[in-house]
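Participant: quick one, fold the following:
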Amino acid sequence: MATRGFRRYPLLFFSTLEECLEFEFTTSTIEKMLPIVSKFIPSTERLPAVRIREYAECIVPSYSDVSFRSHFRLTRRSAEILVGLLARCPEVPSQHLRGRPPVSVEKQLLITLWVLGNPEVIRSVSDRFNVTKSSVFRIVRRICRAIVNNLAAQFICWPKGDRVKKVMEQFQRKQGLPHCIGVIDGTHIPIKAPYDNQEQYVNRKKFHSLQLQGVCDPDRFFTDVYCAYPGSVHDARVLRNSPLYQDAEHLESEMFPGSAYVIGDAAYPLKTWLMTGFKNNGKLTREQRHFNYRLSSTRMKIEHTFGLLKGRFRKLKVMMDVDKVEDIPLLVTSACVLHNFCLMNEDNVEMFLDLDHEQEVNNFQNIFVEQEIAVNKRAEIMELIV
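Facilitator: Model (predicted):
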C-alpha cells in the first residue's frame, strides 16, 4: 500500500522518512532532493509501445528475393499473386473500419505469412509490424478465413476425370503400385493446453496437439485435408468422422473409379477404397512381405508432404500460441492451401523439406475386422506387383 502511494506521490517518501528518523526536513532540502528521489520512483504514466516503424512498408520492399523467401516462406511473385486473389475476397475489407484506415491487403498477408512461417510469439509480431496484438490475431484469422473459404476448393482438389489416370500412372511408374490414387496419414500439430478438456488433447507422447489428416498424390499435393480432432483420438476414429470417409462410403464409385484406392498404415481399417498392409504375425509369405514393402515405400510420399508443410510453415512444428483452440484448424488448413498454391506456382519447395518433423505419436494398430471383399482386392493387387 505504501509503495503504491510513493509511486503516485513522491512527497510521501519524505513524510514517512521523517516519521522513521524522527527528523524534519526543511522545504529547501526537500526541493533539492525531490528530483533525485523521483528518479527512483517508477512513473505511473503509460508509455507508448515501442515498435518497428514502416517495416512492411519500407524495409520488406528492400529485401532481395532470397531474403524475402527466407522470411516469408514463399517467393515474392507468389505473394503478389496471393495479394491479387485475396483482394477479391469478401472477408478482406477495403473500406475504413471504425474511422481508422484499413491495413493494406499486402501487409495483412505479410503478417499472416510471418505468423505461420516463424516460431515467433505474437508480441514480437506485433512489434515488428507496428500493430497491436489483438490486431495480429484479427488479421491472421481474417486472411486464413479468406484463404479457406475462397481458395481451398481451387487448390486442394480430389483427383477426377483425366487426373485420376495420370495419378495412377505416376504411382505405378514411381512406386510400382497399380491403381493407387493417394496416400493417407495423420500428423500432430502442437498446441498450448486449452482452457477446457485439456486431457483430451494430450497424445501418447504427452504433449497437447490437434490432429491433421491428409491425403497426397505422387507430386506431394494435398488432395484432401481434415483438422478437427484432439491429439488423443485414434487415427481411425478421425478418419471415420471426416468428410472423406462419408464421401468414400456413399460415393465410392465417383471418388474411386474402377479399381482405384488410397493406401494407409496399420492404424487404418482395410476397405475396398483403403488398402493397408498385411499384419506381421511372423508367418508372412514372400509375396505379402513384398506387398508391405511397396506400401511402406509409397507411404513416404505423405511423410514428405507433411515434412514440406511443416518445414515451410514452421509454426506448425512448435506450440501454436493461439488462445482459442477452435481457431487452430483454420490456420492449419490455410497452410495446407498455401502449400499447394506454392507447388502450383512452381515455387521450389525442396529447401523447406524437414524429414525430422514427425514423432511417432498415436502408433495404434488396426483393431477392425477386415472385410472379405477388401481382403480379396488386396490379394489381387499383391498378385499384380509380384
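
Participant: excluding its backbone neighbours, what's nearest K174?
Facilitator: Spatial nearest neighbour of K174, excluding adjacent residues (CB to CB, 6 or more residues apart in numbering): P218 at 5.8 Å. Bear in mind the C-beta positions are built from the backbone N, C-alpha and C, glycine included.

Participant: ok, the one you found touching M168?
Facilitator: No. If you go by CB atoms under 8 Å, P218 and M168 don't touch, sitting 9.5 Å apart.

Participant: neighbours of G182, how many?
Facilitator: 30 (other CB atoms under 10 Å).

Participant: okay, it: pLDDT?
Facilitator: As predicted, G182 sits at a pLDDT of 98.

Participant: the longest strand in this protein is where?
Facilitator: Counting residues, the longest strand found in the chain (DSSP state E) is strand 180-190.

Participant: show me the helices in the stretch 51-200 of the chain, by range?
Facilitator: Ranges of helices within the stretch 51-200 of the chain are 65-72, 76-86, 105-117, 122-129, 133-155, 162-175, based on DSSP state H, counting those that start in this stretch.

Participant: just put these in a markdown table and tack on mean neighbour count.
Facilitator: Listed next are the helices of the stretch 51-200 of the chain as a markdown table, based on neighbours: other CB atoms under 10 Å:
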| stretch | mean neighbour count |
| --- | --- |
| helix 65-72 | 15 |
| helix 76-86 | 17 |
| helix 105-117 | 23 |
| helix 122-129 | 18 |
| helix 133-155 | 18 |
| helix 162-175 | 16 |
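
Participant: including mean pLDDT and distance to R378, could those go into a markdown table?
Facilitator: Shown next, in a markdown table, are those (pLDDT from 0 to 100; distance: least, CB to CB, whole Å):
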| stretch | mean pLDDT | distance to R378 |
| --- | --- | --- |
| helix 65-72 | 93 | 43 |
| helix 76-86 | 96 | 41 |
| helix 105-117 | 96 | 39 |
| helix 122-129 | 92 | 48 |
| helix 133-155 | 96 | 32 |
| helix 162-175 | 94 | 16 |
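
Participant: out of the ones you listed, nearest to Y55?
Facilitator: Closest approach to Y55 among the helices of the stretch 51-200 of the chain (CB to CB): helix 122-129, 5.6 Å.

Participant: quick one: distance of that closest one to the chain centre.
Facilitator: Relative to its chain's centre, helix 122-129 lies at 19 Å (CA atoms, centre = their mean, to the nearest Å).

Participant: tell me which other helices or strands that helix touches.
Facilitator: helix 105-117, helix 133-155 (3 or more CB pairs under 8 Å, 6 or more residues apart in numbering; DSSP states H and E).

Participant: for the ones you listed, which one sits closest to L331?
Facilitator: L331 sits nearest to helix 133-155 of all the helices and strands packed on helix 122-129, at 5.3 Å, using CB to CB.

Participant: dump the C-alpha coordinates for the closest one into CSV.
Facilitator: Output of helix 133-155 as CSV, limited to C-alpha atoms (Å, rounded to 0.1, in the frame of the first residue of the first chain):
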residue,chain,number,x,y,z
LYS,A,133,-1.5,-7.9,-30.6
SER,A,134,-5.3,-8.0,-31.0
SER,A,135,-4.9,-6.7,-34.5
VAL,A,136,-2.4,-9.5,-35.3
PHE,A,137,-5.0,-12.1,-34.2
ARG,A,138,-7.8,-10.5,-36.1
ILE,A,139,-5.7,-10.1,-39.3
VAL,A,140,-4.4,-13.7,-39.2
ARG,A,141,-8.0,-15.1,-38.7
ARG,A,142,-9.3,-12.8,-41.4
ILE,A,143,-6.7,-13.8,-44.0
CYS,A,144,-6.8,-17.5,-43.1
ARG,A,145,-10.6,-17.5,-43.3
ALA,A,146,-10.4,-15.8,-46.7
ILE,A,147,-8.0,-18.5,-47.9
VAL,A,148,-10.1,-21.4,-46.7
ASN,A,149,-13.4,-20.0,-47.8
ASN,A,150,-12.3,-18.8,-51.3
LEU,A,151,-9.2,-20.7,-52.3
ALA,A,152,-9.3,-24.1,-50.7
ALA,A,153,-11.7,-25.7,-53.3
GLN,A,154,-9.4,-24.3,-56.1
PHE,A,155,-6.1,-25.6,-54.7
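
Participant: what angle separates it from helix 122-129?
Facilitator: Angle of helix 133-155 versus helix 122-129, following axes from the mean of the first three to the mean of the last three CA atoms, to 10 degrees, is 90 degrees.

Participant: need the strands for the stretch 151-300 of the chain, in chain order.
Facilitator: Taking DSSP state E, counting those that start in this stretch to define them, one finds strands in the stretch 151-300 of the chain at 180-190, 209-216, 222-230, 261-263, 274-275.
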